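In: Dropping a prediction and its sequence here:
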Amino acid sequence: MKARQKNISTIHRYLDEAGDTTFFGKGKANIVGQNGVSKCFILGLVKFKEPLQEVRDKVVALQTKVCQDPYFNEVPSIQKKISKGGYYFHATDDVPEVRKLFYDYIKSIDCSFEAVVGRKIMSIYTNKHNGKEAEFYADLLSHLIKNKLNKGGKLILDIASRGNSTKNYNLQTALQKAISRNSRKGKHAATKVVFNVQNHSTEPLLNVSDYFC
């Protein structure tokens, strides 16, 4: 008789970022803090404490409301997204009226948010991260997830796509860094971590993560 398999709990967390990972301009010039280049980079994670599909459906309904509202018919950022496959909330692009609409909804959600903030210090970037944006990203991500490895079960990290930074090899590098940092505290990584790289246009819950960031 086969032994019964224990049900493995599966949880989702939704990750996005703010700022950029740019350090160098033309000729390897340091352009951190210059126009259009942030002084820090933020990775944030949202935990929803209510049914995911209900939140997802509500976000989609709000997206549809924005698209169908005649007031927004001439807003370039909205029309551009519609023409490219569908509107989604994005704090950097959205006009103040849309931000107010979505912020008000976010306040009604039972959820929590946490983030890591990396100051873009050139000496650390060149020495520790070998001057590579993907390594900088992986290092920050490892700090964000290092305390989520001990409860067991399966953790699915639904993460906003970001070029080479969210390629599988780089995400696995971040996970190994997180496991290493966790083990230094004498803890065992019992949680199975799965990365699910998504786009804002296809996963509405990432819209919430973006706004928090």
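Out: It's in.

In: And the closest residue to residue 187 other than its chain neighbours, how far from residue 143?
Out: Leaving out its chain neighbours, the residue that sits closest to residue 187 by Cβ to Cβ, 6 or more residues apart in numbering is residue 150, at 5.3 Å. Yep, even glycine has a C-beta here, placed from its N, CA and C like the rest. Applying Cβ to Cβ, to the nearest Å, the value for residue 150 to residue 143 is 15 Å.

In: Residue 184 now?
Out: When distances are taken as Cβ to Cβ, residue 184 and residue 143 turn out to be 13 Å apart.

In: what do you get for residue 199?
Out: 24 Å.

In: of these two, who's got more company?
Out: residue 143 (16 against 11; other Cβ atoms under 10 Å).

In: wait, residue 93 sits on residue 77?
Out: Yes - taking Cβ atoms under 8 Å as the definition, residue 93 is a contact partner of residue 77 at 4.3 Å.

In: now residue 74, what's its secondary structure?
Out: Classification of residue 74 using DSSP: H, G, I helix; E, B strand; the rest coil returns coil.

In: no, scratch that, I was asking about residue 38
Out: Assignment for residue 38 (three-state DSSP): coil.

In: List the single closest residue to it in space, sequence neighbours excluded.
Out: Excluding the flanking residues, the one nearest residue 38 by Cβ to Cβ, 6+ apart is residue 19, at 3.6 Å.

In: Which residues belonging to the helix or strand bottoming out on mean pLDDT in the chain are considered buried?
Out: Here the helix or strand of the chain ranked lowest by mean pLDDT, DSSP states H and E is helix 76-83, holding a mean of 91. For helix 76-83, the buried set under the neighbour-count rule, 16 or more other Cβ atoms under 10 Å, comprises 78, 81.
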